[in-house]
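A.B. asks: make a model of this:
(2 chains)
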Amino acid sequence: MARYVTSRLAQIVVILFMIVTILFVLFRLAPGDPVSRMVDPSLSPEEAANLIAQLGLDKPIGQQYLQYLQNFVQGNFGHSFHYGLPVGQVIMAKLPNTILLFTTAMVLSALAGIAWGKVAAWKKGQGADMALTVAALVTHTLFLPWLALLVIWIFGYKLDWLPINGMISAEVWLDPASGHLDKALDVAYHMVLPLATLFIMHFGSYLLVMRSSMLQTLREDYIITARAKGLTERKIRNHHAAPNAWLPVITSVGLSLAFSINGGALTETVFSWPGIGRELVMAVSQNDYPLAQASFLLIAMVVLFANLVVDLLYAYFDPRIRY
Amino acid sequence: MSAEPQTASQVTPRRRSPWRERFREDWLVFSRNPLGRAGLVLLSVFGVMALLSFLPPLIDPMYHPMTGVDPQVLYSEGPSVRHWLGTDFMGRDILSQLLAGTRVAFMVGVSAAFMSIVLGVSIGMVAGYAGGVLDTLLMRLAEIIMVLPTLLVVLMLSALFGKLNIWTIVLLIALFRWPGVSRVIRAQTLSLKSRPFIDAARVAGASHARIVFRHIMPNVLPLAFLYMTFRVTAAIVIEAALAFLGFGDPSTVSWGMMLQWVWKTGHMFQAPYWLFPPGLCISLITLSFYLLGRAMDEVLDPRLREENGTV
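C.D. replies: Numbers count the residues shown, from 1 in each chain, chains lettered A, B, ... in the order given. This is a model prediction of the structure:
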């Protein structure tokens, strides 16, 4: 196990190194002056000179690359133009928000996909199966930004039930009387719509995977044995078939991670959820290259680690697999 | 399941060419899938829309999706006789934009999917057939590209190189969407490689190139074609999302662009007639390609027919 994790971590480091190198090369190839891209023109001359030296932009290209790698390892990505702060500080503050929204959405949609896929397979060909399958097909081909706008339009505007942007409301957080619970509830309240958007987008594909995996499991001999033993249908479904059928859902979560991260960034942007995905989108539109680069690398890291976590979860739940 | 070849032979009284024969059998399987038929119908509707997109600017220049402005309309207005779906904030006709967007979606989807399939099939066949170091290298590369979120990668590239034009976007999508295909094609190639007919070809003196292109490729193409339908949807969605975020080709009217306009100009609450059509079109075209792909999957993989049952 430890050996497997170590080798996977080494792999992640190699991949990150490659991505960083490609970014460096592209950055040098891109039109325009590298210094003006990395150094905010509003800085004072001394500050600018300081930053140029720190980033190694005044050195020959080889040394510049080494300096770049060193800065990457130390988490030094320069100053954000927009915030006027070190980039590392900006994005690390946003990371927990992204992880909170994204992980909750993935876990909930996988659980729902498993639960409903189980029912669909069990009722194969009947009304419930038809309804669930069609719902899954339709929802997971929706265009995510549009779904987000629709959800805002319906629940935030027409019905006016829920907040449509941000993560917290100032009244609650500035009020000294509100405790941790009030604050947590406030965040949860703001999270409902973005979470619903991601959930609607994602449960469908997990449902379809669970359904087809469950149908295969139901043909296995041990299901016949269970029937022959006279177990209740419910017991066969929940304790004999389902536990063997839901593992492919984990694999599918892993395979669709890159796709889901795209969706996460879009959701954050539409709902102004203060996460790294939105930070990347805004940095690119504001020509804040240092911030864009750092957000991109952080997202790449998150995807790589999430993939590792998914593989470990798989091994944890499937006793046949031991690394 | 076993009944299918029989039905097919019953309805073919005289001998036809093997290709037509096969097509006929496949069509029988396909047409029995209601969702596949629905996908095909939807797709035909979009096809007609794409063809119609050339009409509005010919009727009156004010119906031009990009430059046409109705002098009588000063702000976004709801549906009327002059503008069936209303106008956008500049007085441009939403219906003509929607039709033009259909053309762009097909263009982007089909060309990006075609390129990524060509790449994926070639790389998959080479990796599977050559094996060894080349195989390992290519598959490692595929793994790395696969974990990258394509939309954000393209976004990053547009941060470096400025606004990308539509063909660059298409090319980038193709470059980042081949790994999935190549893995499937590689697996297929590996299993084909060990079959007797490949040995026979080799013994007969066929070159590697001939074996790959004449003997392996025809056997993996149906699978490649299937994957193409799924890649079309991916390409359309990525382009739309990019345009939605404001990084699309500014000289093209795509559905994503229309959504970006309604969102960024703050019209989404007042102008549902403008908010609904583009998003609905993106979602439906994705759905129709997806349904088509699933139905084709069933044609290629008989096990799925039983699995999917009535749905």
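A.B. asks: how about stretch B:53-68: buried residues?
C.D. replies: Going by neighbour count (16 or more other Cβ atoms under 10 Å in any protein chain shown), the buried part of stretch B:53-68 is B:53, B:56, B:57, B:62, B:63, B:64, B:65, B:66, B:68. The C-beta positions use only the backbone N, C-alpha and C, and glycine is treated the same way.
A.B. asks: which residues does the nearest residue to the third one once chain neighbours are set aside contact?
C.D. replies: Just to be clear, that refers to residue B:57. Closest residue to residue B:57 apart from its sequence neighbours, by Cβ to Cβ, 6 or more residues apart in numbering or on different chains: residue B:64 at 4.4 Å. Listed by Cβ atoms under 8 Å, 6 or more residues apart in numbering or on different chains, the contact set of residue B:64 reads B:56, B:57, B:92, B:96.
A.B. asks: among the buried residues of stretch B:53-68, which ones are in helices?
C.D. replies: Judged by DSSP state H, those include B:56, B:57 as members of helices.
A.B. asks: just checking, what packs against the host helix or strand of residue A:312?
C.D. replies: If you go by DSSP states H and E, residue A:312 is part of helix A:289-317. Contacts defined by 3 or more Cβ pairs under 8 Å, 6 or more residues apart in numbering or on different chains; DSSP states H and E place helix A:289-317 against helix A:2-29, helix A:34-38, helix A:87-122, helix A:247-255, helix A:257-270, helix A:276-285, helix B:132-147, helix B:150-161.
A.B. asks: list the buried residues of that helix.
C.D. replies: A:289-300, A:302-304, A:306-308, A:310-311, A:314.
A.B. asks: now stretch B:160-177
C.D. replies: If you call a residue buried by 16+ other Cβ under 10 Å, then stretch B:160-177 has these buried ones: B:160, B:164, B:166, B:169, B:170, B:171, B:172, B:173, B:174, B:175, B:176, B:177.
A.B. asks: TSV please, covering those residues and showing distance to residue A:146 and secondary structure.
C.D. replies: Listed next are the buried residues of stretch B:160-177 as TSV, based on distance: Cβ to Cβ, whole Å; DSSP: H, G, I helix; E, B strand; the rest coil:
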residue	distance to residue A:146	secondary structure
B:160	28	helix
B:164	22	coil
B:166	20	helix
B:169	19	helix
B:170	22	helix
B:171	26	helix
B:172	23	helix
B:173	19	helix
B:174	24	helix
B:175	26	helix
B:176	23	helix
B:177	22	coil
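A.B. asks: just curious, which of these is nearest to residue A:43?
C.D. replies: Nearest to residue A:43 out of the buried residues of stretch B:160-177 is residue B:160 (Cβ to Cβ; 21.8 Å).
A.B. asks: the helix with the most length in chain A packs against which elements?
C.D. replies: If you go by DSSP H, chain A has its longest helix at helix A:180-218. Judged by 3+ Cβ pairs under 8 Å, 6+ apart, the packing partners of helix A:180-218 are helix A:87-122, helix A:127-140, helix A:144-151, helix A:170-174, helix A:242-245, helix A:247-255, helix A:257-270, helix B:302-308.
A.B. asks: nearest to residue A:212, of those helices?
C.D. replies: Of all these, it is helix B:302-308 that lies closest to residue A:212, at 5.6 Å by Cβ to Cβ.
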